[in-house]
Each structure stands twice: as structure tokens, then as C-alpha cells.
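Undergrad: 3D model of this:
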Amino acid sequence: MSAALLEVVRGYLDRHGEPGGLAQTPIPGLTIIRTSEPSGLDYAITRPLACLVLQGSKRVMMGTRSFNFSAGDSLLITADVPTVSQIIQASHEVPYISLVIDLDPALLTELMEEMKAVPSAELEPIRIEPTDSEVAEAALRLMRLLERPASATVLHASLVRELHYWLLAGQHGPAISRLGWPDGHAQRIARAVKVLRTEFTRPLPVEHLASVAGMSPSSFHHHFRNQTSLTTLQFQKQLRLIEARRLMTGEGATASSAAFAVGYESVSQFSREYRRLFGLPPARDASVAC
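TA: Got it, this is the predicted structure:
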């Protein structure tokens, strides 16, 4: 990993970032994470992204699989998948720092057409590899652009495009290519996931989601589970529970109000399913998290 990239990111954080947590940049889809101590478990349904670790170490778990990655590695997530993550190496002297880039399927489609690239059959939604030097160099130029706002407005799109190109052309290419396959299974499932993310509080029959994806219900069920590791009902349930947890820990909502806000009709059912996912009853988990 480029020492110059770490230096530029540190400088940006010193000037613009908070002491810890997320630092959103003016460039859409580009986020910096800095944490000065190991974290608890963070539950999320993660969007497709590339995470370049510059300092420290992190663990991401999906189902029964666990992935550890540290400075010099890149994590690639190529589908909307449920993850449990935890920063495992960080301190005030040497904080965990990573650069996160949201992946743009439309941009990948455009690049694959120009490169005449053939999509891979790879199905693994999480992949870790050493960061390619070309990816680090493109990220460095993108970070340096942030200190020139007038130029960033004009030039950031070309650098984001270049970054996607090097991800596609490098070690992550086989995994990332399916995101750019026009009307392939990944993009079809992504259309259904978008509906699930925005309308998760109401009942969503699988037939409706299959129609959004342009698939038969049986084919949709098969490809949705292959890509996300969950059924649509499990996916929607995790969205509801993760949002309920955010409402309780971030906004002080009670367990019952959070349950009804995310679409549950029974507080007892909500409590059972919440404990099954997070390991603690809602009220106790919220007090621990706060």
C-alpha cells in the first residue's frame, strides 16, 4: 500500500474529519473510516464496495465465514449481503484507517463494453486481495483532488472511472465483472434489492420482487439466495431489525415503537427475532450499545 496515500488521507482527516467514525467526502461514493480503538460488532446489509485498508485490521463475517484483512489489503463486496464487521486492531497512536469506494454497476458495464471483457461466473460475494498499485495510485490522485474543490467538481468523475477500471483490470476483476454484466443476474437481483431496501416495512411477495427482476419466481429465488446468502424474507427481516436497532441506539426509540416503525405487528415476535440476530433482548442491547 502506498505510504503517500496514507499520508494524504491522514492530512485530510486532520483538516476535515471527526476524531473517529465516518468522514464523508465531497466526492459521491467516497468515504473515509477512522477509529482509534477496537470496535464492537457492527451489523449491516452492505452495498457493493471496495475497501482499501491503509492502517489497522478489521474482520468481516458473512454467515459462517470470517475474513480478516489489514493494511495493504483491499476488501471487495460485490453484492448486497448481510455482514457482521469488527475493527480488531486500532489505537490512538495507530488508528484504523480505510478508504471506501461505492461500486457503480453502470460504470462497470460501460468499462466492460470498452474492454470487451467477459463476465466471470464467480459467485463469492466477498473477496480479499493485496491492493493493486494502480488502484492505490488512482485513489491517491482522487484524494489529492479533494484539496482543490473547483478542480474536483470537473475532474473527479474521470478519476472515479479510472479507479473502477483498475479494479476491473486487476486481481479483483473476476469478482467485480459480474456487477457490470448488462441485464445479468447480479443487476436483475440488484433491482429487487433496491425495492427491498426502500419498502422493507411492508409485505413484499416474492412474485412481486421476481417481476421487478424480470425472472420467474423459482429462478429469482435461486439467484437471490446464491447472491445474498438469504431468502427474500430473511433479507427483509434483517433490514427491519438493523433499522430498529439504529432507531433505538441512535434516536432513543423504545423497543415497541421501533418494532412498529419497521413493520412488525407483534412486539413479542420482534423481541424474539431481535435476540436471535443480535444475541440480546432489544432494550438491553440498546443500553449496552449506548
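Undergrad: Name the residues of stretch 91-101 that come out as buried.
TA: 95, 96, 97, 98, 99, 100, 101 (16 or more other CB atoms under 10 Å). All C-beta atoms are positioned from the backbone trio N, CA, C, and that covers glycine.
Undergrad: The last one: what secondary structure?
TA: Okay, so that is residue 101. Of the three states, residue 101 takes strand under DSSP: H, G, I helix; E, B strand; the rest coil.
Undergrad: beta partners for it?
TA: residue 30, residue 50 (DSSP bridges).
Undergrad: you'd agree it is up against residue 50?
TA: Yes: with contacts counted by CB atoms under 8 Å, residue 101 reaches residue 50, the gap being 4.8 Å.
Undergrad: Give the buried residues for the helix or strand of the chain with the lowest mean pLDDT.
TA: Within the chain, confidence by mean pLDDT, DSSP states H and E is lowest for helix 282-289 among all helices and strands, at a mean of 78. By 16+ other CB under 10 Å, the buried positions in helix 282-289 come out as 282, 285, 286.
Undergrad: Please tabulate the residues you listed in JSON lines, including the columns distance to residue 237.
TA: Compiled in JSON lines, those are given as follows (distance: CB to CB, whole Å):
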{"residue": "282", "distance to residue 237": "14"}
{"residue": "285", "distance to residue 237": "16"}
{"residue": "286", "distance to residue 237": "19"}
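Undergrad: just for the stretch 51-200 of the chain, where's the confidence low?
TA: Applying pLDDT under 70 to the stretch 51-200 of the chain flags residues 120-123.
Undergrad: contacting residues for the closest residue to residue 104 other than its chain neighbours?
TA: Using CB to CB, 6 or more residues apart in numbering and skipping the chain neighbours, the partner closest in space to residue 104 is residue 164 (6.6 Å). Applying CB atoms under 8 Å, 6 or more residues apart in numbering, we find residue 164 in contact with 103, 104, 107, 108, 111.
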